[in-house]
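In: Predicted model, plus sequence, below.
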Amino acid sequence: MNESLFELNGFTFRYGSTPVLDDITLTISRGEKVALLGPSGAGKSTLLTVLYEQQSALSALQPQGGGLVDLLSVYHNIFMGGLDRVSTIAALWNLVRPLRTGVAEISQIVQTLGLDDKLWHSVDRLSGGQRQRVALGRALYRHQPVFLGDEPVSSIDPVQAQSLLAYVLQQHETAVISLHNRQLALEHFDRVLVLRDGRLCCDSPVKALSCDQLDELYTQTESPLDHNAPVTKNDGWVIRTS
Amino acid sequence: MKFQPSSARRLNTVCLAMMAAALLALFFVDFQVYPVDPWQELARIGWGLLTPGWADLPSLLNALLQTVAFALLAITVAAPLGLLLALVFDWRPVRLLCASVRSVHELFWGLIFMQLYGISPLTGLLAIMVPFTGVFAKVFAEIFHQQSQQPAQTIASSVGLVKRFSYTLIPQSWPALLSYTRYRFECALRSSAILGFIGLPTLGFHLETAFKQGQYSEAGALLWAFLLLIASIRFWLRRWLIVPYIVAAIWMLPDTVGFQGGGSLWQFVSRDIWPSVLLDGDWEGFRNWLVMMFDSQIWPGLWQTLLLTQVAVVLTGLLVLVAYPMATQVLAGSIMRWPGRFVLLVLRCTPEMVLAYVLLLLLGPSGLPVVFALALHNGGLIAFLVANASDVEYRNRVRRPDDPTGVAFYAYVETPRRFPAMLAFLFYRWEVILRESAIMGILGVATLGFYIDSAFEEIRYERAFLLIIVTAVLNMLVDGVSRRLRSKI
């Protein structure tokens, strides 16, 4: 189980002249469940995209925003995840008349997601939380061993978010998921990465961390300039639990 | 990159260069005014427009329906074909193919296919279909480029092209694809109408006949009917009616007129379009032929085409600046803008070929009517778009109470706001104006189209072929320059 899936060695990624990812060294092995934390703009999305490109044949990516196609129904948006398993003719026909097998499989997924009554709604008619669940459904329907999620449950209500996150982690052998919610990270994952300004400032097994420690870590890593900001600790991306 | 303190400076430089070139062009262009008495004729035409005559209603209706039939069937084939090509538009040969079919005007395609299929439905359909497929492919590919790449990231990377596009980019951009196809249908109606000028039984044919015979009331009726047809597209073009329309259109297509057999495609492609000296392997003779063609036709035609285009582009820009305020809510007022919008709509709907034809009757066969026709049609079209953009902003913007009014508002607020978009439209139309001023030669003005038309008349296909290639290359060059200029503004 220790076969490594993702490897970065002093990786730097620039957008224009500003580095988005700065000197990242990282190895993620098969079977690991990794939570990726850090404030908005820290480079989490870029890191996930970079990881996806390393193992695109094994990974299901759920980008921020979900990548839904507005005009298509919930069914079709989830079905897209399995396009590699059907022929071109079947895929085109499915746009006109949904395939029986597809409907059977996807009905089960929407039940898990709590969207059973929305199967034939086009996704532009759904709320933010519902859209996010459709995006999650597509990733699940990819049937891949690796899940890469960019805040995949951020707009879903807390109780459902928790159970869906557990379900996704159970369905995938390996997962790297960026989160806002620190408590979810500590409860469901076995390793935590913290990104700040494009740098990896913490990479530790969950067992060695507590909420307070994480808290402290963030305050330390803040640059002196940030202390001038009015409310330093409440930057909106951590839910205080202590 | 060097920091530029003013965004206006670059725009001004481009504009001044364009105007200087146009002024220079004025010295060389053939603007001779022939001693015809335009006013009397103009009065008769004006009277004809005001008193449209409906003497032969069935034939008028027939001409209209056949115009629609050609346009509808051509779009029915060209749009899906263009969509398929757009899927592989990243592939260089496809881009080149599309650019080359696009750069030859519908009427030239019409003249080419006429040699093969006579005055037949096939000629008309192919003449519109071929260049329109190239345009669809290019614009659809541009629309795809504007879409989010995210959905494609969330499906398996091994998924094939057709599956990938039919689940991601095509549904993502569906509304944009539809609305562009609708606009293109309007263009196809214009193209279909002017195909009448080379003999197909569409509106242009009847229009030309009516003008030639001085039956201006009939011509007026045809023009008004055509304008109404275009202005009311959104009322009669309904999704559920399209299939019945297509069936009716196939039924409506005219019979082939007086044409037997025709040349074989292979004979045409392998022999007819090549100069005999080249087929004989006489390189010296071929060189002499090229020199002769260049001196007597290519250069004079090219030069006049470029001169007319340059003057027409600048005149179009000036016309837009004068005309757009009359159609805007902010400058003309919510009621007074309607007459302005009406005039612009009429100019936009009337094909430049028809305008040029009428002006030619008044001013004689020089560059003058061509330049006026191009400026009027394109100016009307761009001014309409600019006025629309202004009205959209008028509804959304909170105005300042201390804003200037009247001419000062026009000069200090509205025009500077509209100017970059206006220039972009203008450069976008540059290529179109060039293609059109080449084609105007068919009416007798000495642009490239004049020599092409004469070559076809004399059944010298090899000359026509060479001249069409020159026109196409010129078009692609101007397209390249205009794209570069547009990316800078």
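Out: Done, it's in. Numbering: from 1, shown residues only, chains lettered A, B, ... in the order given.
In: Please count neighbours and contacts with C-alpha atoms only from this point.
Out: Fine.
In: helix or strand for the residue in chain B that chain A sits nearest to, which one?
Out: Proximity of chain B to chain A (C-alpha to the nearest C-alpha) peaks at B:Pro151, 4.0 Å away. Assigned by DSSP states H and E, B:Pro151 belongs to helix B:150-153.
In: Buried residues, the helix or strand following that helix. List them.
Out: Next along the chain after helix B:150-153, taking DSSP H and E as the criterion, comes helix B:161-167. The neighbour-count check on helix B:161-167 (16 or more other C-alpha atoms under 10 Å in any protein chain shown) flags B:163-167 as buried.
In: what's the helix or strand that contains B:Leu318 packed up against?
Out: Under the criterion of DSSP H and E, B:Leu318 resides in helix B:299-323. Under the contact criterion of 3 or more C-alpha pairs under 8 Å, 6 or more residues apart in numbering or on different chains; DSSP states H and E, helix B:299-323 touches helix B:7-28, helix B:367-396, helix B:415-439, helix B:448-457.
In: closest to B:Pro38 out of the ones you listed?
Out: Closest of those to B:Pro38 is helix B:367-396, at 11.9 Å (criterion: C-alpha to C-alpha).
In: continuing past the closest one, what's the next helix or strand?
Out: helix B:406-409.
In: pLDDT (mean, whole number) over that following helix?
Out: Computed over helix B:406-409, the mean pLDDT rounds to 84.
In: which residues sit against that helix?
Out: The contact list for helix B:406-409, computed with C-alpha atoms under 8 Å, 6 or more residues apart in numbering or on different chains, reads B:331, B:403.
In: One more: stretch A:150-157?
Out: Stretch A:150-157 is contacted from outside by A:44-45, A:48, A:62-64, A:128-130, A:132-133, A:136, A:161, A:164-165, A:177-180, using C-alpha under 8 Å, 6+ apart.
In: hmm, 6 Å instead?
Out: A:63-64, A:129, A:161, A:177-179 (C-alpha atoms under 6 Å, 6 or more residues apart in numbering or on different chains).
In: First-to-last residue distance for that stretch?
Out: Criterion C-alpha to C-alpha, to the nearest Å; first-to-last residue distance in stretch A:150-157 is 17 Å.
In: Which pLDDT value goes with whichever residue of chain A sits closest to chain B?
Out: Closest residue of chain A to chain B, C-alpha to the nearest C-alpha: A:Gly67 (4.0 Å). With respect to pLDDT, A:Gly67 scores 90.
In: Confirm it sits in a strand?
Out: No - applying DSSP: H, G, I helix; E, B strand; the rest coil, one finds A:Gly67 to be coil, outside a strand.
In: That one: what's it in contact with?
Out: B:150-151.
In: The same query, at a cut-off of 7 Å, please.
Out: Contacts of A:Gly67 were listed using C-alpha atoms under 7 Å, 6 or more residues apart in numbering or on different chains, and they are B:150-151, B:154.
In: can those go into CSV with extra columns for pLDDT and neighbour count?
Out: As requested, the contacts of A:Gly67 are exported to CSV (pLDDT from 0 to 100; neighbours: other C-alpha atoms under 10 Å in any protein chain shown):
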residue, pLDDT, neighbour count
B:Gln150, 91, 18
B:Pro151, 93, 25
B:Thr154, 91, 23
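In: And those, which is closest to B:Thr415?
Out: Nearest member of the contacts of A:Gly67 to B:Thr415, counting by C-alpha to C-alpha, is B:Gln150, at 37.9 Å.
In: Nearest residue to that closest one in space, please, no chain neighbours.
Out: In space, and not counting its chain neighbours, B:Gln150 is closest to A:Gly67: 4.6 Å by C-alpha to C-alpha, 6 or more residues apart in numbering or on different chains.
In: Okay, domains of chain A per the record?
Out: A:1-58+A:144-242, A:69-143 (automatic domain parsing).
In: again with chain B
Out: B:7-36+B:264-489, B:38-258.
In: quick revisit: need the winner for burial among the domains of chain A.
Out: domain A:69-143 (a mean of 19; mean count of other C-alpha atoms under 10 Å in any protein chain shown).
In: chain center to it, what's the gap?
Out: The chain centroid and the centroid of domain A:69-143 are separated by 19 Å, computed with C-alpha atoms, centre = their mean, to the nearest Å.
In: Quick one: check it for contact with chain B.
Out: Yes - against chain B, domain A:69-143 shows contacts by C-alpha under 7 Å from any C-alpha of the partner chain at A:69-71, A:80-81, A:83-84, A:88, A:91.
In: Keep only those of the residues you listed that are in helices.
Out: A:88, A:91 (DSSP state H).
In: Run through the residues that contact A:Leu72.
Out: A:122-123.
In: cool, the one 3 residues further on as well?
Out: For A:Tyr75, the contact set (C-alpha under 7 Å, 6+ apart) comprises A:106, A:119-120.
In: Make sure it is indeed in a strand.
Out: No - secondary structure of A:Tyr75, determined by three-state DSSP: helix, with no strand assignment.
In: pLDDT score for it?
Out: 95.
In: Counting by contacts, list what the helix or strand where A:Val50 lies packs against.
Out: Remark: A:Val50 resides in helix A:44-54, with elements defined by DSSP H and E. Where contact means 3 or more C-alpha pairs under 7 Å, 6 or more residues apart in numbering or on different chains; DSSP states H and E, helix A:44-54 is not packed against any helix or strand.
In: what's that helix in contact with?
Out: A:6, A:59, A:61, A:148, A:150, A:178, A:195.
In: Least confident of those?
Out: Within the contacts of helix A:44-54, pLDDT reaches its minimum at A:Leu195, with 90.
In: Paired strands for whichever strand or helix holds that residue, with orientation please.
Out: Secondary-structure assignment from DSSP H and E places A:Leu195 in strand A:191-196. With DSSP bridges as the test, strand A:191-196 is paired with strand A:33-37 (parallel), strand A:199-205 (antiparallel).
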